[in-house]
Each structure stands twice: as structure tokens, then as C-alpha cells.
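**Q** sequence-free structure coming up:
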């Protein structure tokens with residue numbers, strides 16, 4: 001940091017914004033984990049045979065998709081993401 005008052009104000013604003021962003025991400029993560037947990041418990045309670053057919057008894061993968069309502073958070077992007085779940089992708093070798 002340069003030590004000037006303007007730099008200090010900018011740094012504080014950045015830290016506050018970053019802190020808010022991290023807190024917001026943690027809230028989203030917690031909500032998604034709880035929703036996934038509730039749904040899995042309901043499915044297993046109503047259809048116990050499902051758990052036996054799943055590898056390791058896991059109903060969900062660890063990942064999730066979150067998009068803002070900005071430029072990239074549209075229906076086409078989300079539909080593409082959902083369609084591609086569970087499909088192997090071809091990766092280019094570097």
C-alpha cells in the first residue's frame with residue numbers, strides 16, 4: 001500500500017466488498033447444501049431402493065451451479081449446463 005489516504009480508502013472499500021462477497025458465497029453454499037440434503041432424505045425415505053442402486057449411496061454430486069442475473073445467467077446457459085451433467089467431455093491436450 002502506498003500509505004496515502006486515497007489508497008487506504010480504496011483498500012478498505014475493496015476489503016469490505018470482498019468480505020461481503022465471501023459471506024454471500026457462503027450463504028449460497030449453505031442453502032444449496034441444505035436443499036440437496038432435504039431432497040435426498042425425502043427420496044431415500046420414499047424410495048429406499050434408490051440408495052442401494054447408487055454408487056456409495058450418494059444422491060448428489062458435490063458441485064452446483066450458480067449464476068447471477070447478468071449477461072451469462074440466462075436460460076440457454078443454464079439449460080446447457082443441466083443437459084451436460086453426467087456426460088463425459090472431450091478435453092483438448094495441451
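**A** Now that the structure is in, tell me what you want to look at. Only a predicted model underlies this, so the values are computations on that prediction, with no experimental measurement involved. Residues are numbered from 1 along each chain as shown.
**Q** contacts only, for the residue nearest in space to the middle of the chain.
**A** Centroid-nearest residue in the chain: residue 64, 3.9 Å away (criterion: CA atoms, centre = their mean). Contact partners of residue 64, counting by CB atoms under 8 Å, 6 or more residues apart in numbering, are 29, 32, 36. Just so you know, the C-beta spots here come from the backbone N, C-alpha and C atoms, and that holds for glycine as well.
**Q** and residue 85, what element?
**A** Per DSSP states H and E: residue 85 is located in neither a helix nor a strand.
**Q** helix, strand or coil for the residue nearest to the centre of the chain?
**A** Secondary structure, DSSP: H, G, I helix; E, B strand; the rest coil: residue 64 is coil.
**Q** residue 44 touches residue 54, doesn't it?
**A** No - using CB atoms under 8 Å, residue 44 is not in contact with residue 54; the gap is 9.4 Å.
**Q** quick one: low-confidence ranges for this protein?
**A** The model of the chain has pLDDT under 70 over residues 1-7, 67-73, 86-94.
**Q** max-length helix in the protein?
**A** helix 5-46 (DSSP state H).
**Q** ok, then the element right after that helix?
**A** Next helix or strand after helix 5-46 toward the C-terminus (DSSP H and E): helix 48-53.
**Q** if we go by neighbour counts, what in that next one is buried?
**A** Buried residues in helix 48-53, counting neighbours by 16 or more other CB atoms under 10 Å, are absent.
**Q** which strands and helices sit next to that helix?
**A** With contacts defined as 3 or more CB pairs under 8 Å, 6 or more residues apart in numbering; DSSP states H and E, helix 48-53 has these neighbours: helix 5-46.
**Q** now do the helix it packs on: distance to the chain's middle.
**A** With CA atoms, centre = their mean, to the nearest Å as the basis, helix 5-46 stands 9 Å off its chain's centre.
**Q** against which helices or strands is it packed?
**A** Helices and strands touching helix 5-46, by 3+ CB pairs under 8 Å, 6+ apart, are helix 48-53.
**Q** the next helix-or-strand element following the helix it packs on - contacts with which helices or strands?
**A** Later in the chain than helix 48-53, the nearest helix or strand by DSSP H and E is helix 75-83. With contacts taken as 3+ CB pairs under 8 Å, 6+ apart, helix 75-83 sits against no other helix or strand.
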